[in-house]
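Student: My questions concern the predicted model and sequence given below.
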Amino acid sequence: MLTNPKPLLLVDDDPTNQDLLSRRLKRAGYATEVAGSGYEALDVLARREVELVLLDSMMPGLSGIELLRQLRQRFSATRLPIIMVTALGESDRVVEALSLGANDYISKPVDFPVALARIKAQLERKRAEEALRQSEERYALAARGANDGLWDWDLEAQRVYFSTRWKSMLGYEESEIGDSPEEWLSRVHPEDRAALQAELAAHWEATAHKECAIEHRVLHGDGSYRWMLSRGVAERDAQGRAIRMAGSQTDITGSKAFDPLTGLPNRTLFHDKLAACLERVAREPGYPYAVLFLDLDRFKVINDSLGHMAGDELLIHVAQRLRTAVRNAPPASPAIRGPAHDLIARLGGDEFAILLENVDAGGAIRIAERIHESIHGAFQLESKEVFTTASIGIAPGNRDYHTPTEILRDADIAMYKAKSLGRSRFEIFDAGMRAQAVARLELESGLRRAVDNREFVLYYQPKVSLKTGKIVGAEALIRWRHPVRGIVPPDEFIPLAEETGLIVPIGLWVLREACTAMRRWHSEFPTVPPLEVSVNVSVRQFREPDLHAQVAAILAETQLDPRTLQLEITESVLMDDLDAVAGLLGRLKTLGVGLKIDDFGTGYASLKSLSRLPFDVLKIDRSFVVNMSGNGGTGETIRTILLLAENLGMEVVAEGIERKEQLTELQSLDCDYGQGYYFSPPVEAEALSDLIRKSRAEA
């Protein structure tokens with residue numbers, strides 16, 4: 001007698017046929033389900049799995065042939081055998097059923113011994129094909145490599161078979177790991193566990209017979225984490241429900257330890273090597289070592305102007321030059337063996353770290369100098385020559401360091417100190433730098449809070465006509481009204497805002513606030529021409545792709561006449577690609593605003609570049625005005641700048657006027673406008689209203 005946990009499904013609209021076949025099949029050892037129509041059959045298959053379907057070809061409503069067509073769209077002939085039951089003489093219907101995927105047929109009246117033989121044959125074929133498929137899956141998993149660990153998860157019983165190799169890859173003996181899924185999942189790194197479980201669940205829910213593959217870290221018996229690639233395929237029942245999953249585990253720790261772009265060790269491997277160095281220091285007090293933290297100067301400018309592919313190419317070239325500058329640096333490929341006194345790693349982006357072992361502070365400095373020399377020359381990127389430099393922080397090792405994070409932090413702090421002192425240099429870490437870094441972190445936190453709490457206020461410095469002495473506009477200057485320190489000047493926080501990107505929301509606030517204020521002054525003090533307001537646009541803001549749209553939106557929101565807004569753009573933007581700069585300025589110019597070049601004369605602008613750019617106003621840097629008098633003064637330079645501006649059809653504003661004689665000399669040179677403490681320091685909006693009112697009263 002046969003025993004089957006899954007029933008056969010009889011589909012027939014005739015109750016007599018249902019009863020007769022059902023009783024005889026039960027006597028033969030088969031469990032049965034009965035459906036009186038095609039729709040009832042679909043309901044049965046939706047709620048449970050069956051071994052085989054006996055299907056009457058002639059039924060009202062949903063016919064047997066149409067039901068066969070639908071079932072074959074959902075179940076293969078292997079997963080769900082279907083035997084058609086037809087009347088004698090219905091050869092056309094038999095041919096159609098077989099062509100649609102029926103496995104076999106039985107003629108009416110049913111010859112029951114023949115029917116049993118055909119049912120048995122189909123079920124045996126089904127089991128043989130399932131066994132073959134499982135065998136092929138196991139063979140495919142094993143063939144991936146003898147070094148892989150295999151696992152086989154019974155999803156219904158929630159038990160997992162872990163091969164001996166799977167266990168040994170994690171440092172365990174055969175008897176030390178059981179068959180619970182938690183033996184695997186509980187060892188997965190906490191940061192990777194949710195992703196692994198989600199990937200497995202998604203695979204179980206899917207209907208496609210597709211491999212699942214995910215990389216994750218697993219805890220080794222020695223306490224370290226190893227990177228594993230787990231792959232597997234679910235076995236499904238006739239309804240497509242996942243009931244088992246078999247797979248493999250491959251150790252990919254080696255490939256995860258190297259940066260794919262440069263071939264250098266990555267952050268993970270660097271941490272491991274540095275940790276080993278610290279362990280040696282603990283065993284051998286006085287063992288000398290140092291860590292260098294290197295960051296390329298102006299890399300973002302190169303990356304943004306030439307594109308990410310050029311940036312990647314530059315990083316590859318830098319890595320090659322670093323190898324020549326250190327002592328016996330390791331090769332790019334982990335397959336190549338050799339001495340490795342110094343370890344270079346790419347931590348990410350344009351940041352590199354170098355571990356120097358058996359070296360004192362003097363030796364670390366000499367290597368930093370060699371690195372600067374190696375990077376100094378031009379890099380050929382496709383058809384362009386590119387120059388870059390590096391800022392380097394040096395953290396000499398000592399016994400106070402217990403973790404890689406601590407010494408890397410201090411080398412990073414020293415690198416930032418080098419950047420703040422002019423870049424293209426190195427600095428050696430000292431404890432005072434850490435205090436400065438903490439203060440800087442506090443400043444950054446306060447700055448982020450200031451953005452959220454609107455702790456900023458605008459001051460305005462009047463712009464005066466040097467011909468009439470009247471106020472014709474003002475420059476908007478931001479101040480930070482700190483809740484503890486009071487007013488913080490911009491030179492203390494603007495560089496940090498630039499670096500962190502906070503300058504973008506701050507700059508938009510300044511623009512909106514200044515435009516709103518000038519709109520009020522236009523109503524209060526109507527003049528011909530109207531008063532103007534100048535707003536500084538930082539380098540970071542200028543590179544924002546939607547700056548044009550943001551300015552347009554604020555002008556529309558505040559209803560300010562765009563002709564009365566001047567955007568002050570620092571001369572340093574001319575370091576970028578000139579064609580790109582011209583395009584950005586041209587888009588802003590279409591809004592009708594004025595464009596002013598700020599800090600003119602500090603070294604970047606040239607006559608050729610100025611003639612290509614749509615600036616309206618040139619602003620002479622205060623350093624020229626302060627030093628314009630006497631022998632060796634800058635008076636002739638200012639005269640040249642004024643002549644240049646006249647030839648280009650540009651107005652000129654001189655900033656930093658503090659004394660009467662400076663004003664007199666600028667007037668003698670026919671300078672158009674000026675601003676400075678001689679007229680007024682920057683004041684709040686209400687005080688500027690008083691100054692404008694006084695200026696008009698004196699007219």
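Tutor: Cool, got the structure. Numbers count the residues shown, from 1 in each chain.
Student: State the next helix or strand along the chain beyond the lowest-mean-pLDDT helix or strand in the chain.
Tutor: The weakest-scoring helix or strand in the chain, judged by mean pLDDT, DSSP states H and E, is helix 607-612 (a mean of 72). Counting by DSSP states H and E, the element after helix 607-612 in chain order, helix or strand, is strand 617-620.
Student: to the chain's geometric centre, what's the distance from that following strand?
Tutor: 40 Å (C-alpha atoms, centre = their mean, to the nearest Å).
Student: Show me what that strand is packed up against.
Tutor: Applying 3 or more C-beta pairs under 8 Å, 6 or more residues apart in numbering; DSSP states H and E, we find strand 617-620 packed against strand 594-600, helix 635-647, strand 651-655. Bear in mind the C-beta positions are built from the backbone N, C-alpha and C, glycine included.
Student: As a markdown table, those with distance to Ala325, mean neighbour count and mean pLDDT would be great.
Tutor: Shown next, in a markdown table, are these (distance: least, C-beta to C-beta, whole Å; neighbours: other C-beta atoms under 10 Å; pLDDT from 0 to 100):
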| stretch | distance to Ala325 | mean neighbour count | mean pLDDT |
| --- | --- | --- | --- |
| strand 594-600 | 36 | 22 | 85 |
| helix 635-647 | 41 | 16 | 88 |
| strand 651-655 | 44 | 23 | 94 |
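Student: Make JSON lines out of the ones you listed and add distance to Val472.
Tutor: Listed next are these as JSON lines, based on distance: least, C-beta to C-beta, whole Å:
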{"stretch": "strand 594-600", "distance to Val472": "12"}
{"stretch": "helix 635-647", "distance to Val472": "17"}
{"stretch": "strand 651-655", "distance to Val472": "10"}
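Student: Among those, which comes closest to Gly422?
Tutor: In terms of C-beta to C-beta, the element of the helices and strands packed on strand 617-620 nearest to Gly422 is strand 594-600, at 17.4 Å.
Student: So in that sheet, which strands flank the closest one, and in what orientation?
Tutor: strand 565-570 (parallel), strand 617-620 (parallel) (DSSP bridges).
Student: most packed of those?
Tutor: strand 617-620 (a mean of 25; mean count of other C-beta atoms under 10 Å).
Student: what's that one in contact with?
Tutor: 566, 568, 594-601, 610, 638, 641, 644-645, 648, 650-655, 671 (C-beta atoms under 8 Å, 6 or more residues apart in numbering).
Student: about what we covered before: out of the strands paired with strand 594-600, nearest to Ala361?
Tutor: Among the strands paired with strand 594-600, strand 565-570 sits nearest to Ala361 (C-beta to C-beta), with 38.6 Å.
Student: How about the contacts made by the nearest residue to Leu595 once chain neighbours are set aside?
Tutor: Once flanking residues are discounted, Leu595 sits nearest to Phe615: 4.9 Å by C-beta to C-beta, 6 or more residues apart in numbering. For Phe615, the contacting residues are Leu585, Leu595, Lys596, Ile597, Leu648, Met650, by C-beta under 8 Å, 6+ apart.
Student: now with 10 Å?
Tutor: 569, 585, 589, 594-597, 600, 605, 645, 648-651 (C-beta atoms under 10 Å, 6 or more residues apart in numbering).
Student: ok, now Pro181?
Tutor: Counted by C-beta under 10 Å, 6+ apart, Pro181 has contacts Trp151, Trp153, Asp154, Leu155, Gln158, Arg159, Val160, Gln197, Leu200.
Student: rerun that using 6 Å as the cut-off
Tutor: Counting by C-beta atoms under 6 Å, 6 or more residues apart in numbering, Pro181 touches Val160.
Student: For it, give me phi and psi.
Tutor: phi -60, psi -30 (degrees, to the nearest 10).
Student: any idea how far Asp259 is from the residue minimising distance to the centre of the chain?
Tutor: When C-alpha atoms, centre = their mean is applied to the chain, the residue found nearest the centroid is Gly349 (11.2 Å). Noted for Gly349: a distance of 11 Å to Asp259, by C-beta to C-beta, to the nearest Å.
Student: likewise Ser534?
Tutor: Ser534 is 46 Å from Asp259, by C-beta to C-beta.
Student: Those two: who's more crowded?
Tutor: Ser534 (24 against 20; other C-beta atoms under 10 Å).
Student: Would you mark the buried spots in whichever strand or helix holds Ala418?
Tutor: Ala418 is part of helix 404-420, with elements assigned from DSSP H and E. For helix 404-420, the neighbour count (16 or more other C-beta atoms under 10 Å) marks 404, 407-419 as buried.
Student: repeat for stretch 281-300
Tutor: Buried, per 16+ other C-beta under 10 Å, within stretch 281-300: 281, 288-299.
Student: before we move on, what about stretch 539-556?
Tutor: Within stretch 539-556, judged by 16+ other C-beta under 10 Å, the buried ones are Arg540, Gln541, Phe542, Arg543, Glu544, Leu547, His548, Gln550, Val551, Ala552, Ile554, Leu555.
Student: same check, this time on stretch 166-179
Tutor: Buried residues in stretch 166-179 (16+ other C-beta under 10 Å): Trp166, Lys167, Met169, Leu170, Tyr172, Ile177.
Student: mind putting the residues you listed in TSV, distance to Phe75 included?
Tutor: As requested, those are exported to TSV (distance: C-beta to C-beta, whole Å):
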residue	distance to Phe75
Trp166	33
Lys167	38
Met169	38
Leu170	39
Tyr172	41
Ile177	37
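Student: any weak-confidence spans in this structure?
Tutor: Flagging of the chain using pLDDT under 70 yields the residue ranges 1-5, 88-89, 134-147, 207-209, 238, 328-341, 575-576, 601-608, 630-632, 699.
Student: what's near enough to touch Arg267?
Tutor: Leu347.
Student: what kind of secondary structure is Phe293 in?
Tutor: With DSSP: H, G, I helix; E, B strand; the rest coil as the basis, Phe293 sits in strand.
Student: which residues pair with it across the strands?
Tutor: Beta-bridge partners of Phe293, as defined by DSSP bridges: Ala353, Gly393.
Student: Could I get the contacting residues of it?
Tutor: Ala353, Gly393, Ala411, Asp412, Met415.
Student: Likewise for Trp480?
Tutor: Counted by C-beta under 6 Å, 6+ apart, Trp480 has contacts Ala450, Phe456, Val488, Phe493.
Student: do the same with Asp12
Tutor: Gln18, Asp56.
Student: Any figure for the gap between it and Leu42?
Tutor: 15 Å.
Student: same deal with Ala435?
Tutor: 75 Å.
Student: Could you do Met84 as well?
Tutor: 17 Å.
Student: which helices and strands sit right next to the strand or helix carrying Ala345?
Tutor: Using DSSP H and E, Ala345 sits within strand 342-348. Under the contact criterion of 3 or more C-beta pairs under 6 Å, 6 or more residues apart in numbering; DSSP states H and E, strand 342-348 touches helix 267-283, strand 351-357.
Student: Need the residues that contact it.
Tutor: By C-beta under 6 Å, 6+ apart, strand 342-348 touches 259, 262, 264-265, 267, 270, 273, 322, 326-327, 329, 352-356.
Student: now with 7 Å?
Tutor: 259, 262, 264-267, 269-270, 273, 319, 322-323, 326-330, 352-356 (C-beta atoms under 7 Å, 6 or more residues apart in numbering).
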